[in-house]
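**Q** Pasted the sequence and its predicted model underneath.
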Amino acid sequence: MAGSHTSIQLVWDGVRRVLWNLVWWVAYRPSPRVLHGWRRFLLRRFGAVIGKGAHPYPSVRIWAPWNLTMRDGSCLGDHVHCYTVDRITLEPHATVSQFSFLCTAGHDYRGEGMPLTTAPITIGRAAWVAADVFIGPGVTVGERAVVGARASVFRNVDPWTVVGGNPARLIRKYAHQEEKI
């Protein structure tokens, strides 16, 4: 019986993805840049958890919105790709800049048939993922951390640090300051 439930779930997920892609092409993608509220509404209809003042831009690609959480004031910039096979969470005021790729899935090359593997991604409170960054499965970017442009991140990023490069390496730590968010 468990196998049939899995098959039904896979079919339902496929149907939801087809419906989402249709809505994305017809109603989400062509919406004017300033209509963040409209896009928040559409994402919520597909199961995303979207906080007040979140800014999902119209060119953001989201594979499965039901696996997306954007807390208050968070931002997914132009042409960000969220491969939400597993959960992606943006904590309050986190920003993911243009052309970045958040990837929650991969394949175990050692296994027969290279089985799919997934792990969630979390972008911490007030963290900034700069332009054209790759974030791999299972990565947490800590509070107020900065990931420099074009970095590739495969390991967790500590809070209050700046990282960059491929693979991303520590550039510097910086002191905690009073936040005015």
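**A** Great, that's in hand.

**Q** Scan this structure for its longest helix.
**A** In the chain, taking DSSP state H as the definition, the longest helix is helix 2-23.

**Q** Tell me the helix or strand right after that helix.
**A** Next in sequence after helix 2-23, counting helices and strands by DSSP states H and E, comes helix 36-45.

**Q** Show me what that next one packs onto, helices and strands only.
**A** In this structure, helix 36-45 makes packing contacts with strand 49-50, strand 55-56, judged by 3 or more Cβ pairs under 8 Å, 6 or more residues apart in numbering; DSSP states H and E. Backbone N, C-alpha and C define where each C-beta goes, glycine included.

**Q** Next, Arg70: phi, psi?
**A** For the record, residue 70 is Met, not Arg. For Met70, the backbone dihedrals are phi -120, psi 110 (criterion: degrees, to the nearest 10).

**Q** Which residues does it form beta bridges with?
**A** Here Met70 shows beta-bridge partners Ile50, Leu90, assigned using DSSP bridges.

**Q** what's the nearest residue to Val146 if we skip its chain neighbours?
**A** Closest residue to Val146 in three dimensions, ignoring its sequence neighbours and counting by Cβ to Cβ, 6 or more residues apart in numbering: Val162, at 4.5 Å.

**Q** Now do the contacts for the one you found.
**A** 145-146, 148, 170-174 (Cβ atoms under 8 Å, 6 or more residues apart in numbering).

**Q** can we see that at 10 Å?
**A** Contacts were defined as Cβ atoms under 10 Å, 6 or more residues apart in numbering; by that measure Val162 touches 128, 130, 144-148, 168, 170-174.

**Q** how about JSON lines for those residues, with neighbour count added?
**A** As requested, those are exported to JSON lines (neighbours: other Cβ atoms under 10 Å):
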{"residue": "Trp128", "neighbour count": "19"}
{"residue": "Ala130", "neighbour count": "20"}
{"residue": "Arg144", "neighbour count": "21"}
{"residue": "Ala145", "neighbour count": "26"}
{"residue": "Val146", "neighbour count": "20"}
{"residue": "Val147", "neighbour count": "27"}
{"residue": "Gly148", "neighbour count": "18"}
{"residue": "Ala168", "neighbour count": "24"}
{"residue": "Leu170", "neighbour count": "12"}
{"residue": "Ile171", "neighbour count": "14"}
{"residue": "Arg172", "neighbour count": "10"}
{"residue": "Lys173", "neighbour count": "11"}
{"residue": "Tyr174", "neighbour count": "12"}
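
**Q** which intervals of this protein have sub-threshold pLDDT?
**A** Applying pLDDT under 70 to the chain flags residues 1-5, 177-181.
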